[in-house]
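Peer 1: the following block contains a protein sequence and its predicted model.
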Amino acid sequence: MTAADFTEFAEMEKEGWSNPDVARSYADEFAKASEQCVAPLVEQVGAGPGAVALDLCCGQGIVSKGLVQAGATVTGLDFSPAFLDLARARVPQARFVEGNAMELSFDAGSFDIVTIGFGILHVPDPQQVLCELARVLRPGGRLAFSVWHAPTIPTVLGYVFAAVGAHGDPGVQLPPGPGLHDYADAEIAYPALERAGFTEMSQNVVPCSWQISQADRPVDLFARGAVRGRALLGAQSPQALEQIRRYVAEKVIQNHGPEAPWTVPIPAVVTAATAG
């Protein structure tokens, strides 16, 4: 399937992340896990004084801030005006622009480094994004992006989606789109990078986590601060949502102990590559 088949998905993502309440909830709550990938992303691209950086799908600017602190000159791009407002307030030293990650307006070879903090899973055509990045990076420039790890290892993502699978309304379905964890998989990410002209691929698992004091708290974090979670959980009946909460709470207690607070894992994968 191509981006043309994912039109409804693209509209859901754009509308959802442009909602100021969703953007703020993600920035204030969900991103406590995302922030733990900032240092690995900055390290993998080798950001430093004099580097010209693009922070693609910059969100509220947490990676942009890390790049600025490393000494880079930073341009952040996002499709969400709500996120861009947050980013400009957070990182006044950077330049932020609204745009489409699949159709960048920058000239070829404009950047030394590019980061994408959990953005590649929100675009309808990740391959096109990688091709655009290969174009705007100088030869030898570095790319690093983060994606949530699939539930092949312990992750609270697995708890929530298993709960929806077990107790959710089967009539509530997300529109077709790229897989949430596709680009955490080297068998998908590496060939896509090669097709775009990248070399020297590597991946590292980052053990991100949340600190929670209520065992069913992950349900709220996904429902308020993630567009897929909002669409999937917001359409459930009160009865189904209660069962989903109970399932997640039982998993948290079973896997992380009977007493609050809990540290629940939501690991990520950081993929890095070099432009040809």
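Peer 2: Structure received.
Peer 1: could I get the full set of strands for the protein?
Peer 2: Applying DSSP state E to the chain gives strands spanning 52-56, 73-78, 95-98, 111-117, 137-148, 198-206, 209-212, 262-265, 268-275.
Peer 1: out of the ones you listed, which is the most enclosed?
Peer 2: strand 111-117 (a mean of 27; mean count of other CB atoms under 10 Å). Heads up, the C-betas are built off the backbone N, CA and C, glycines and all.
Peer 1: give me the mean pLDDT for it.
Peer 2: Averaging pLDDT along strand 111-117 gives 98.
Peer 1: just give me the longest helix of the protein.
Peer 2: helix 238-256 (DSSP state H).
Peer 1: what helices or strands is that one leaning on?
Peer 2: When contacts are defined as 3 or more CB pairs under 8 Å, 6 or more residues apart in numbering; DSSP states H and E, helix 238-256 sits against helix 156-167, helix 217-225, strand 262-265.
Peer 1: tell me the spacing between the nearest residue to Pro154 once chain neighbours are set aside and Ala101.
Peer 2: Of all residues not flanking Pro154 in the chain, Pro265 sits nearest, at 5.3 Å (CB to CB, 6 or more residues apart in numbering). Counting by CB to CB, to the nearest Å, the separation of Pro265 from Ala101 is 28 Å.
Peer 1: just checking, the residue nearest to Pro154 touches Pro207?
Peer 2: Yes - Pro265 lies in contact with Pro207 (CB atoms under 8 Å); the separation is 6.6 Å.
Peer 1: for Pro170, the count of nearby residues, please.
Peer 2: Neighbour count of Pro170, defined by other CB atoms under 10 Å: 7.
Peer 1: tell me the pLDDT at it?
Peer 2: So, for Pro170, pLDDT stands at 90.
Peer 1: same check on Leu174?
Peer 2: Leu174 carries a pLDDT value of 89.
Peer 1: again, but for Ala4
Peer 2: pLDDT, Ala4: 69.
Peer 1: what bridges to the residue nearest to Pro154?
Peer 2: Beta-bridge pairing of Pro265 under DSSP bridges involves Ser209.
Peer 1: pLDDT below threshold where in this structure?
Peer 2: 1-4 (pLDDT under 70).
Peer 1: how about the residue nearest the centre of it, what does it touch?
Peer 2: The chain has Phe118 as the residue nearest its centroid, 1.9 Å off, counting by CA atoms, centre = their mean. Neighbour list for Phe118: Ser34, Cys37, Cys57, Gly59, Ser146, Val147, Trp148, Ala268 [criterion: CB atoms under 8 Å, 6 or more residues apart in numbering].
Peer 1: tell me the one of those residues nearest Tyr26?
Peer 2: Using CB to CB, Gly59 comes nearest to Tyr26 of the contacts of Phe118, at 7.3 Å.
Peer 1: distance check, the spatially closest residue to the closest one that is not a sequence neighbour against Ile253.
Peer 2: Spatial nearest neighbour of Gly59, excluding adjacent residues (CB to CB, 6+ apart): Phe83 at 5.0 Å. Per CB to CB, Phe83 is found 34 Å from Ile253.
Peer 1: more crowded one of these two?
Peer 2: Phe83 (26 against 14).
Peer 1: hang on, that one packs against Ser64?
Peer 2: No - Phe83 is beyond contact range of Ser64, at 10.9 Å (criterion: CB under 8 Å).
Peer 1: shared neighbours of these two, which are they?
Peer 2: By CB under 8 Å, 6+ apart, the residues touching both Phe83 and Ser64 are Cys58.
Peer 1: switch the strands of the chain over to a markdown table; also include distance to Gly171.
Peer 2: Listed next are the strands of the chain as a markdown table, based on distance: least, CB to CB, whole Å:
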| stretch | distance to Gly171 |
| --- | --- |
| strand 52-56 | 35 |
| strand 73-78 | 32 |
| strand 95-98 | 35 |
| strand 111-117 | 33 |
| strand 137-148 | 26 |
| strand 198-206 | 35 |
| strand 209-212 | 30 |
| strand 262-265 | 29 |
| strand 268-275 | 31 |
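Peer 1: that concludes my questions; thank you for your assistance.
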